[in-house]
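Sequence and predicted structure are below.
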Amino acid sequence: MSNFPYRKASAFFKDKFNARVYRVAVDAGFTCPNRDGTLARGGCIFCDEEGSRASYVNPKAPIKEQVLDGIGKLKSSYGAEKFIVYFQSYSNTYAPIEKLRLLYFEALSSHPDVIGISISTRPDLLPESVLDLLEEISKKYFVMLEIGVQTFNYKSLIKARRFHTVSDSIDAILRAKKRGLHVVAHMILGLFDEINIETIEGGRILSVLGVDGVKIHHLYVIKDTPLEGLYRRNRVKVYENPMDFANLVVRFLENISPSMVIHRVQGFAPKRRLVAPLWTSNKHIISNLVEKIMREKGTYQGKFYRYND
């Protein structure tokens, strides 16, 4: 590990590919069983109609066009050299396997600088046929599988209307790891009434399961979501003070495996859609605070992690 206090994704990609690697987001028109009536309608309480879609994505354009447009923007803005196509919005394994194959390979073949794909989905939407396909792709390309674990607290999963279980998450991680995929877990730290020790334990569970990376989120409120009504009625609290959340992130990082890649340390939403906390519109506030806290404390990722990888 470098002298940075945690293992940043940018450094991981630079070491692995010897290039500046960026994810280029696409919207392939997927939905979710939480929205189409299979499990429920309306989605998770924090999910909005855009499904966390990146602002530059045109969901009406073909996948190849979305990729090329995104690559152009990322090259000019950040000097990006290699790209991972990120199937981001909603549940990106929720379709017949033939359709998934066409979409994934269209993305991979769209530009010579595309080196892989990242597939974001729910833990209960990973049948063996999907893992077969991703394992096949991983023989030639880098494959990241992003699993929306969110929490290992079953009460919080119910409150969030996730309609999957803790055991679904564990099962999905273990089966994906057997295929040699780079597994990234999405975790919402301090969700609802969870105490700090539950957050720490969640990180330790990810570590002993062999998860390769984590995307850390905080609970934030978007307009026109079920969560907005709960927040306005004082039924749900969020981290209004970014320092409080940054300190929680530090404790989480101290207790996870030092080999785990940290792909992000906060969520983001634009001001036009955001209700609370307002600092969510600042993409760098938590990363800056976390680095400052860790350097001042002389602490680092994995300081208190006590299990063998």
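Received the coordinates, thanks. None of these values were measured; they are calculated from a predicted model.

contacts, neighbours, all on C-alpha from now
OK.

Now do the strands in this protein.
With DSSP state E, the ranges of strands along the chain come out as 21-26, 82-87, 114-121, 142-150, 182-188, 213-217, 221-222, 261-264, 274-276.

now these as TSV including mean pLDDT?
Converted to TSV, these look like this (pLDDT from 0 to 100):
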stretch	mean pLDDT
strand 21-26	96
strand 82-87	98
strand 114-121	98
strand 142-150	98
strand 182-188	98
strand 213-217	98
strand 221-222	96
strand 261-264	98
strand 274-276	97
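
got those strands as JSON lines, with distance to Phe12 and mean neighbour count columns?
Below are these laid out as JSON lines (distance: least, CA to CA, whole Å; neighbours: other CA atoms under 10 Å):
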{"stretch": "strand 21-26", "distance to Phe12": "10", "mean neighbour count": "24"}
{"stretch": "strand 82-87", "distance to Phe12": "13", "mean neighbour count": "25"}
{"stretch": "strand 114-121", "distance to Phe12": "15", "mean neighbour count": "22"}
{"stretch": "strand 142-150", "distance to Phe12": "13", "mean neighbour count": "23"}
{"stretch": "strand 182-188", "distance to Phe12": "12", "mean neighbour count": "23"}
{"stretch": "strand 213-217", "distance to Phe12": "10", "mean neighbour count": "22"}
{"stretch": "strand 221-222", "distance to Phe12": "31", "mean neighbour count": "26"}
{"stretch": "strand 261-264", "distance to Phe12": "7", "mean neighbour count": "20"}
{"stretch": "strand 274-276", "distance to Phe12": "31", "mean neighbour count": "20"}
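
who wins for proximity to Ser169 among the ones you listed?
Closest to Ser169 of the strands of the chain is strand 142-150 (CA to CA; 5.8 Å).

which helices and strands does the closest one pack with?
If you count contacts as 3 or more CA pairs under 8 Å, 6 or more residues apart in numbering; DSSP states H and E, strand 142-150 packs onto strand 114-121, helix 166-178, strand 182-188.

Kindly recompute the last result at 6 Å.
strand 114-121, strand 182-188 (3 or more CA pairs under 6 Å, 6 or more residues apart in numbering; DSSP states H and E).

now these as CSV including distance to Glu198?
CSV is the format used below for these (distance: least, CA to CA, whole Å):
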stretch, distance to Glu198
strand 114-121, 23
strand 182-188, 11
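
so where do the helices sit in the stretch 201-309 of the chain?
Remark: helices assigned in the stretch 201-309 of the chain by DSSP state H, counting those that start in this stretch are 226-232, 242-254, 285-297.

Arg179 and Ile173: what is the separation?
To Ile173, Arg179 is 10 Å away according to CA to CA, to the nearest Å.

Check Ser281 too.
31 Å.

So those two - more neighbours on which side?
In this view Ser281 and Ile173 are compared by other CA atoms under 10 Å, and Ile173 has more residues nearby, 25 against 17.
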